[in-house]
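J.: Fold the following for me, if possible:
(one chain, ligands or ions: 1)
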Amino acid sequence: MEKRILIKNARAIVTCDAADQVFYDTDMLIEGPQIIQMGKNLSSQDAEVIDGRDKFVYPGLINTHHHFFQTFVRNLMTIDYPNMLVVEWLDKIYRIFQKVDSEVIYYSSLAAMGDLLKHGCTCAFDHQYCYTSASGKLLVDRQMEAAAQLGIRYHAGRGTNTLPRSKGSTIPDEMLETTDEFISDCERLIDLYHDPAPFSMHQIVVAPCQPINSYIETFQESVALAKGKRCTPAYPSWRGRKHHYAGALEEANA
Ligand SMILES: [Zn+2]
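T.: From the prediction side, this is the model:
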């Protein structure tokens with residue numbers, strides 16, 4: 001039997017269910033990753049008992065969009081460029097992002113995930129797209145290492161940029177990958193880490209960057225790969241090229 005935890009007499013159990021129910025002075029029995037019972041006067045042999053008096057119990061929060069690596073460049077006035085449009089800002093900031101390496105990814109992920117956990121988040125999605133010859137390909141691997149150390153449920157968005165600046169993107173050439181390179185690394189990551197089962201602790205999301213910075217084939221092949229491997233493709237919704245790509249993506253997704 002998996003480990004059991006019994007929370008006794010929680011001041012409030014906030015369920016966040018469809019009826020928004022809150023239970024007062026109630027017990028909760030947990031087995032492994034699952035809540036198996038709630039009610040008054042529960043007991044269970046061999047369970048670790050936590051005294052819940054004066055404590056609130058609520059579901060772990062979910063962070064649906066993050067860029068962990070930016071934790072180390074946030075609020076630096078030298079590179080924050082506060083009065084720019086997003087596209088102008090991207091053009092500047094990507095020149096900084098191209099210096100990110102696997103150590104930056106590991107430690108910024110550890111800092112960002114630790115901060116999320118501290119504030120009640122137990123499941124996070126990150127979008128990471130800084131792949132250069134210096135960074136190598138093992139960046140999601142470093143993030144998985146950090147997530148396992150902290151015990152957070154982690155969904156890794158493996159990003160990429162494939163369109164060169166000469167074709168209108170904002171990406172330095174050093175940060176480009178080919179669609180083939182990207183797809184084959186996604187396959188490697190999915191085979192290694194993707195677990196779609198209930199209570200899964202890690203999943204892979206195939207997540208090329210915004211349409212101004214990647215070829216349309218990158219998106220089409222991402223959708224095909226994700227469908228074949230039972231994982232999620234992240235759809236871009238960047239204004240400007242959204243409508244240009246919408247038809248092709250629908251076709252790939254059909
Ligand atoms: Zn973002």
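
J.: can I assume L192 sits in a helix?
T.: Yes: counting by DSSP: H, G, I helix; E, B strand; the rest coil, one finds L192 located in a helix.

J.: wait, what's in contact with it?
T.: The contact partners of L192, by Cβ atoms under 8 Å, 6 or more residues apart in numbering, come to D141. Glycine gets a C-beta too; all of them are placed from N, C-alpha and C.

J.: List the contacts of stretch 195-205.
T.: Contacts of stretch 195-205 (Cβ under 8 Å, 6+ apart): 32-34, 125, 140, 144, 147-148, 153-158, 186, 189-190, 193-194, 230-234.

J.: and E88, what is it in contact with?
T.: Taking Cβ under 8 Å, 6+ apart, one finds Y81 in contact with E88.

J.: actually T170, not the one I wrote
T.: Applying Cβ under 8 Å, 6+ apart, the residues near T170 are V87, L90, D91, Y94, I212, N213.

J.: Just to be sure, which of those are found in helices?
T.: V87, L90, D91, Y94 (DSSP state H).

J.: Just the buried subset of those, please.
T.: Neighbour counting by 16 or more other Cβ atoms under 10 Å classes L90, D91, Y94 among the ones in helices among the contacts of T170 as buried.

J.: Out of those residues, which comes closest to R53?
T.: Nearest to R53 among those: L90, at 50.9 Å, using Cβ to Cβ.

J.: Please name the nearest non-neighbouring residue to the closest one.
T.: Leaving out its chain neighbours, the residue that sits closest to L90 by Cβ to Cβ, 6 or more residues apart in numbering is T170, at 4.5 Å.

J.: Please, where are all the strands along the stretch 1-150 of the chain?
T.: 4-14, 22-31, 34-39, 48-51, 56-57, 61-63, 121-128 (DSSP state E, counting those that start in this stretch).

J.: Same check on the stretch 151-254 of the chain?
T.: Under DSSP E, counting those that start in this stretch, the stretch 151-254 of the chain gives strands at 153-158, 202-206, 232-233.

J.: Just give me the lowest mean pLDDT stretch among those strands.
T.: Comparing mean pLDDT across the strands of the stretch 151-254 of the chain, the lowest value falls on strand 232-233: a mean of 74.

J.: doesn't L29 make contact with I36?
T.: Yes: assessed by Cβ atoms under 8 Å, I36 is found in contact with L29 at 5.5 Å.

J.: Between these two, which is the more surrounded one?
T.: Between I36 and L29, counted using other Cβ atoms under 10 Å, the more crowded position is L29 (19 against 12).

J.: Wait, the more buried one touches K40, no?
T.: No: the criterion here is Cβ under 8 Å, and L29 misses it with K40 at 11.9 Å.

J.: Identify the residue nearest G114 in space, chain neighbours excluded?
T.: L150 (6.1 Å).

J.: residue contacts, the one you found?
T.: For L150, the contacting residues are L110, M113, G114, L117, by Cβ under 8 Å, 6+ apart.
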